[in-house]
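[1] Below: sequence and its predicted model.
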Amino acid sequence: MSAADSLAKVRAKIKRANKHIQDAKSIIEAFRNTDPYGVRVEIDLESGHKIQRVHQRAPVPEELSLVIGDAVHNLRSALDHLAWQLVEKNGNTPDRHTCFPIYDAPKVGKAAANPKIKGINPAAATILETVQPYQAGYGNLRMLHDLDIIDKHRLVLVAAIGLSSIASPVIDMQKTGGQAVTFQICSPQAFGPDSSAMLEDGTIIGAVIAGMMPEQDQKFNLSFDIAFCDPQIVKGKPVIEVLAQLAQLVDGVVSQFAAHL
């Protein structure tokens, strides 16, 4: 088998993962189109303020977690396929222990002695040391490994997170006589573009000070994305962004071993 054929076998897993990522993107977009999050207004009896709370009309589709798990597993499997190909290309026979090891600190002794990569070219073993999570630029391999472990035992948990345009009341200035009204976004820093604030039914997102808002219909635009709930290393990070980064990372790792395939 040529090096190109070996690479193609490994990259087939990455290609499949990218297909799942596109499917996840479509599921999220379809979910957005159902307008699943609205805003309900409650009057605080003590202060008279109008409190805006998240009204969740529908749960995040369970199918999304299944597709995410498929994408993650294909990316992790691509690395294991790489290890298998490296052993075979070095003239040896892979066994049930053969896989691509991921660890957070340098291994004591020679990497080639690791049973997970027994039989690979020593030069490839050296490269493997340079693409571990403790090396700069490869920390997300730990994220990939942890997500794959979770998916083996249960569904990957996801939820909606609020973005910077969490709520925006449309005020008809003619109805207010040209006077400004007071609208307060509660804890705006919690709903910034880099936040991990989860949108749950009943979450307070804003308040209108009593006496400052005339009686009128209001429209709220609730902007959200879908993010991971766990593990901690990835909590609050947007799903599609993370998966795309992981796919790019794995493809880059595979490329570094091309000369040994």
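    Right, received. Where do you want to start? Numbering: from 1, shown residues only.

[2] ok, residue 44 - how many residues close by?
    11 (other C-beta atoms under 10 Å). All C-beta spots, glycine's among them, are computed from the backbone N, C-alpha and C.

[3] secondary structure class for the nearest residue to it once chain neighbours are set aside?
    Distance criterion C-beta to C-beta, 6 or more residues apart in numbering; nearest residue to residue 44, sequence neighbours excluded, is residue 51 at 5.5 Å. Counting by DSSP: H, G, I helix; E, B strand; the rest coil, the backbone at residue 51 sits in strand.

[4] just use 33 as the starting number from now, easier for me
    Got it, the first residue is 33 from now on, which makes the last one we talked about residue 83.

[5] so residue 83 sits right up against residue 234, yeah?
    No: here residue 83 does not reach residue 234: they are 10.4 Å apart, not a contact under C-beta atoms under 8 Å.

[6] Which of the two has more residues huddled nearby?
    Neighbour totals were compared for residue 83 and residue 234, and residue 83 leads with 16 against 10 (other C-beta under 10 Å).

[7] Quickly list what the more buried one is bridged to.
    residue 74, residue 239 (DSSP bridges).

[8] same check, this time on the one 4 residues further on
    Residue 87 has these beta-bridge partners by DSSP bridges: residue 70.

[9] Pull the contacting residues for it.
    The contact partners of residue 87, taken as C-beta atoms under 8 Å, 6 or more residues apart in numbering, are 69-72, 233.

[10] per-residue confidence for it?
    In the prediction, the pLDDT value recorded for residue 87 is 87.

[11] Can you give me the first-to-last residue distance of stretch 263-273?
    When the termini of stretch 263-273 are compared using C-alpha to C-alpha, to the nearest Å, they are 16 Å apart.

[12] Only the buried residues of that stretch, if you could.
    Buried residues in stretch 263-273, counted by 16 or more other C-beta atoms under 10 Å: 266, 268-272.

[13] farthest pair in these?
    By the measure C-beta to C-beta, 268 and 272 form the most distant pair in the buried residues of stretch 263-273, at 14.0 Å.
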